[in-house]
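1. Compute the structure for the input listed below.
(one chain, ligands or ions: 2)
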Amino acid sequence: MSIPPWKAAFLASALDGRALRLGSFELKSKRISPYFFNAGDFYRADLLTALAVAYANTIHESFSSSSSLPDADADALPFDVIFGPAYKGIPLATATTMALAQLPGGAGARYGRVEYSFDRKEAKDHGEGGSIVGAPLKGRRVLIIDDVISAGTAKRDAVAKIQAEGGTVVGIVVALDRQETLPDSAGSAIGLLRREFGIPIVAILTLENIVQGLKDSGVASQDDLRRIEEYRAKYGATD
Ligand SMILES: O=P(O)(O)OC[C@H]1O[C@H](OP(=O)(O)OP(=O)(O)O)[C@H](O)[C@@H]1O
Ligand SMILES: O=C(O)c1cc(=O)[nH]c(=O)[nH]1
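-> Ligands and ions are numbered 1, 2, ... in the order given. Sure, this is the predicted structure:
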């Protein structure tokens, strides 16, 4: 089955900007992957816009229904702050906050008062100090936005950081769910995080979407597709 047109358009932007590359790449988890998604490659205005709009639509689709999250008023947004973990999460949080407020058809007006923040990898010890830049997190409902979930380590660190600041994480949004197992487990990183934190975790694209999109567009060689299938057979998650 083909992927929906808006996901296909996003995938085309990723290939156009070479944010999605085929080859051999070492991941944070030390796995060697036949493909890599680098959100840092969306550095051109049109590509960054396409990326931010795709995140904004995904957030609007997945989190606009207050019933998807506990304790949310019927008309209120289920989050206050969009948090982008350093480094790649920083432009994602900033651009997506703007794209949400610009959603067409009146939807954007709902998001006009959404705030963003991000962390520093090293705390600043002068000036305003601290490790959070942007909206304070204490007592706020926070939506994490990041590029990719592979093993979930970076997301776990972000949740701990937000909780230490007094915020409550209400969801996580990524561009790509690589649908991989955690080290020493058959379950996916995303599944484990969902169960552990009891929050929705959504992705613009999954590896399955990418494989389908590559097949539909004819961009990948048979060899590329075979290597992705082999990687999936080795590390693909069962949930
Ligand atoms: O561990 P996971 O949650 O599955 O995610 C993998 C993360 O690792 C990378 O970020 P990294 O921490 O290397 O920082 P960067 O944003 O500075 O590239 C990548 O950008 C993903 O966000
Ligand atoms: O797991 C990672 O480190 C990772 C995978 C990927 O596709 N892109 C990325 O930036 N990091």
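
2. Tell me which other helices or strands the longest helix along the chain touches.
-> For the chain, the helix that runs over the most residues, judged by DSSP state H, is helix 45-63. Secondary-structure packing of helix 45-63 (3 or more Cβ pairs under 8 Å, 6 or more residues apart in numbering; DSSP states H and E): helix 5-16, helix 89-101, strand 141-149, strand 168-177, strand 201-206. Placement of C-beta: from N, CA and C, glycine included.

3. Next one, pLDDT for residue 70 please.
-> Looking at residue 70, its pLDDT stands at 45.

4. Numbering from 45 from now on, please.
-> All set: I'll call the first residue 45, so the last point we hit is now residue 114.

5. circling back to that earlier point, looking at the helices and strands packed on helix 89-107, spot the one closest to ligand 2.
-> Evaluated over the helices and strands packed on helix 89-107, closeness to ligand 2 peaks at strand 185-193, with 4.2 Å, by Cβ to the nearest ligand atom.

6. Report the mean per-residue pLDDT for that closest one.
-> 95.

7. Return the list of helices and strands in contact with that strand.
-> Using 3+ Cβ pairs under 8 Å, 6+ apart: strand 185-193 touches helix 89-107, strand 125-128, helix 133-145, helix 197-208, strand 212-221, helix 233-241.

8. Could you export the helices and strands packed on helix 89-107 as JSON lines, including distance to residue 166?
-> As requested, the helices and strands packed on helix 89-107 are exported to JSON lines (distance: least, Cβ to Cβ, whole Å):
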{"stretch": "helix 49-60", "distance to residue 166": "30"}
{"stretch": "helix 133-145", "distance to residue 166": "14"}
{"stretch": "strand 185-193", "distance to residue 166": "19"}
{"stretch": "strand 212-221", "distance to residue 166": "22"}
{"stretch": "strand 245-250", "distance to residue 166": "27"}
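
9. what's the closest of the ones you listed to residue 81?
-> Residue 81 lies closest to strand 212-221 among the helices and strands packed on helix 89-107, at 4.7 Å (Cβ to Cβ).

10. Just the CA trace of the helix or strand residue 269 falls within, in PDB.
-> Here residue 269, judged by DSSP states H and E, is contained in helix 266-279. Coordinates of each C-alpha in helix 266-279 appear next as PDB, following Å, rounded to 0.1, in the frame of the first residue of the first chain:
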ATOM      1  CA  GLN A 266      17.700  -3.300  -5.200                       C
ATOM      2  CA  ASP A 267      21.000  -3.600  -3.200                       C
ATOM      3  CA  ASP A 268      20.000  -0.600  -1.000                       C
ATOM      4  CA  LEU A 269      16.600  -2.200  -0.300                       C
ATOM      5  CA  ARG A 270      18.100  -5.600   0.400                       C
ATOM      6  CA  ARG A 271      20.500  -4.100   3.000                       C
ATOM      7  CA  ILE A 272      17.700  -2.200   4.700                       C
ATOM      8  CA  GLU A 273      15.700  -5.500   4.800                       C
ATOM      9  CA  GLU A 274      18.700  -7.300   6.300                       C
ATOM     10  CA  TYR A 275      19.100  -4.500   8.900                       C
ATOM     11  CA  ARG A 276      15.300  -4.800   9.700                       C
ATOM     12  CA  ALA A 277      15.600  -8.500  10.100                       C
ATOM     13  CA  LYS A 278      18.400  -8.000  12.600                       C
ATOM     14  CA  TYR A 279      17.200  -5.000  14.600                       C
END
